[in-house]
Structures are given as C-alpha cells and as structure tokens.
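1. output the structure for:
(one chain, ligands or ions: 1)
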Amino acid sequence: MLNIIIFGAPGSGKGTQSEKLIEKYGLKHISTGDLFRTEINKKTELGTLADSYISKGQLVPDEIVIEMLEEQLKSCCDLPGFIFDGFPRTLFQGKSLDKVLSKHDEKVSLVLSLEVADEELIQRLLKRGEVSGRSDDNREVIESRLNVYYEQTAPLKEFYSNQGKLVKIKGHGSIEEIFESMSKAVDQLIT
Ligand code: ADP
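-> Have a look, this model is predicted:
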C-alpha cells in the first residue's frame with residue numbers, strides 16, 4: 001500500500017492537495033479534522049468534547065484521536081493506500097500510527113511536508129474564516145494553532161527525516177504547481 005502523510009501548518013494547503021492526490025492515486029482520505037467536524041455537526045458526545053479543544057486552538061488529546069484512527073483503519077486492506085491529513089500531530093501520534101499500521105503489516109511510505117511562511121498562513125486562514133464558519137478560523141485562535149503547530153507538531157519532521165521519509169514541498173505558488181511537485185515525489189517512490 002501507498003501510505004502518505006500530508007504534513008504542514010494550519011493553512012498550508014493540506015486539504016486542497018489531499019483531494020488532488022486522492023483523485024490521482026485512488027487513496028482513502030483520513031482527515032482527523034474533518035472527522036471531528038462531522039461529529040461536531042452531528043452534536044455527538046465525541047463532537048462536543050472535541051470542539052471544546054478545537055475552538056480554543058488546542059489539540060484534541062492523543063487517546064481520543066488514536067481511538068478514532070484505529071476505527072478508520074479497521075477496514076483497510078483492500079485499498080491502494082491512505083492519505084493522512086492533519087494526523088499525526090504529535091510525536092506520540094506518529095509512533096502510534098506506526099504501531100497501528102504494523103498490525104496490518106503496513107508502514108508509512110512518504111511524508112510530504114508543505115512549507116509555507118507564517119504571514120501567508122495567517123492571511124489564508126483569515127480569508128477562509130470569512131466563509132468557512134469554522135470556530136477556529138479567527139485571529140486569536142489562529143495564533144494559538146500556529147504555536148501548537150511549532151511546539152507539538154513540527155518536531156515530527158525530524159522524526160520522519162531521520163527515517164528518510166520526509167520530502168519538503170514549497171507550498172507557495174499555484175495549486176497546480178504545488179501538486180506537480182507532490183506528484184513527482186510520489187511517482188519517484190512508486191516507479
Ligand atoms: P488545520 O490544519 O487547518 O488546523 P484540521 O482540520 O486538520 O485543520 O484541524 C482542526 C483542529 O482539529 C485542530 O486545530 C485540532 O484542534 C483538531 N485536530 C485535528 N486533527 C488532530 C489530531 N491529529 N490531534 C489532535 N487534534 C487534532
């Protein structure tokens with residue numbers, strides 16, 4: 001299987017690029033943020049709990065995220081692969097993902113890291129906030145999401161770089177240009 005992590009700060013374009021990768025390579029999309037937003041909209045217990053963290057720009061606790069992930073991977077094995085979007089977000093989640101995948105005799109194939117400057121991230125998120133209706137796309141919460149990203153999520157880059165799996169992708173430019181760089185990295189792996 002081809003198991004790709006799409007990595008990057010909030011607003012770096014993970015969701016947009018994931019959609020294109022899914023279309024091209026037939027992967028199953030696992031976006032923990034989307035999964036939480038579905039629960040929030042359905043007003044489930046999990047959704048209410050997740051929203052109490054998300055609306056403050058904090059991470060949802062690891063145990064909750066990992067339980068949800070395991071559920072998603074249960075029916076995994078007759079697929080070309082997965083694209084993990086917004087997960088893992090902590091070192092603990094990264095190590096847990098390896099464990100869960102190895103139970104299915106699988107591993108992470110590639111980590112595509114979208115590199116975008118902070119000022120651009122903030123502008124993109126504020127713009128999205130005008131239409132998204134998301135409780136976390138406002139200036140104050142955006143700042144805490146970025147802090148959380150640098151403190152808790154960015155260290156994963158070293159984790160994957162040490163395994164030779166990290167490919168940095170310039171996240172500025174047109175959606176197509178960025179997608180081309182991503183596809184190149186994937187094609188190098190599969191051909
Ligand atoms: P973005 O990348 O724009 O921040 P996401 O949709 O990936 O958007 O995530 C939105 C919020 O959902 C995060 O700020 C966090 O509170 C929560 N969340 C999503 N994925 C995870 C995760 N893997 N671990 C912890 N919290 C998560």
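2. what does the strand or helix carrying residue 126 contact?
-> Residue 126 is located in helix 118-132, with elements delineated by DSSP states H and E. The contact list for helix 118-132 (C-beta atoms under 8 Å, 6 or more residues apart in numbering) reads 9-13, 116, 134, 137-139, 142, 145-146, 172. (C-beta placed from N, C-alpha, C; glycine too.)
3. same thing with stretch 180-191?
-> With contacts defined as C-beta under 8 Å, 6+ apart, stretch 180-191 is touched by 2, 4, 17, 20-21, 24-25, 109-110, 112, 167, 169-170.
4. let's see that with 10 Å instead.
-> Outside of stretch 180-191, the residues within contact range by C-beta atoms under 10 Å, 6 or more residues apart in numbering are 2, 4, 6, 13, 17-18, 20-21, 24-25, 27, 81, 109-112, 114, 165, 167-171, 173-174.
5. mind listing what the spatially most central residue of the chain touches?
-> Centroid-nearest residue in the chain, with C-alpha atoms, centre = their mean: residue 86, separated by 2.0 Å. Residue 86 sits next to 5-8, 10, 14-15, 18, 30-36, 65, 153 when contact means C-beta under 10 Å, 6+ apart.
6. tell me how far the residue of the chain found nearest the ligand lies from residue 53.
-> Residue of the chain nearest the ligand, by C-beta to the nearest ligand atom: residue 33 (1.8 Å). Plainly put, residue 33 is 12 Å away from residue 53 if you go by C-beta to C-beta, to the nearest Å.
7. the more surrounded of these two?
-> With neighbours defined as other C-beta atoms under 10 Å, residue 33 and residue 53 compare such that residue 33 has more, 19 against 15.
8. stretch 161-178 close to the ligand?
-> No: judged by C-beta under 6 Å from any ligand atom, stretch 161-178 stays clear of the ligand, getting no closer than 12.4 Å.
9. an error on my part: the question was meant for stretch 10-23.
-> Yes: if you take C-beta under 6 Å from any ligand atom as the test, stretch 10-23 does meet the ligand, through 10-11, 14.
10. up against the ligand, what does this protein have?
-> So the chain meets the ligand at 10-11, 14, 32-33, 36, 53-54, 58-60, 65, 86-87, 89, 93, 136, 145 (C-beta under 6 Å from any ligand atom).
11. if we can go back for a sec, who touches both of residue 33 and residue 53?
-> Contact criterion C-beta under 10 Å, 6+ apart; residues shared by residue 33 and residue 53: 60, 136.
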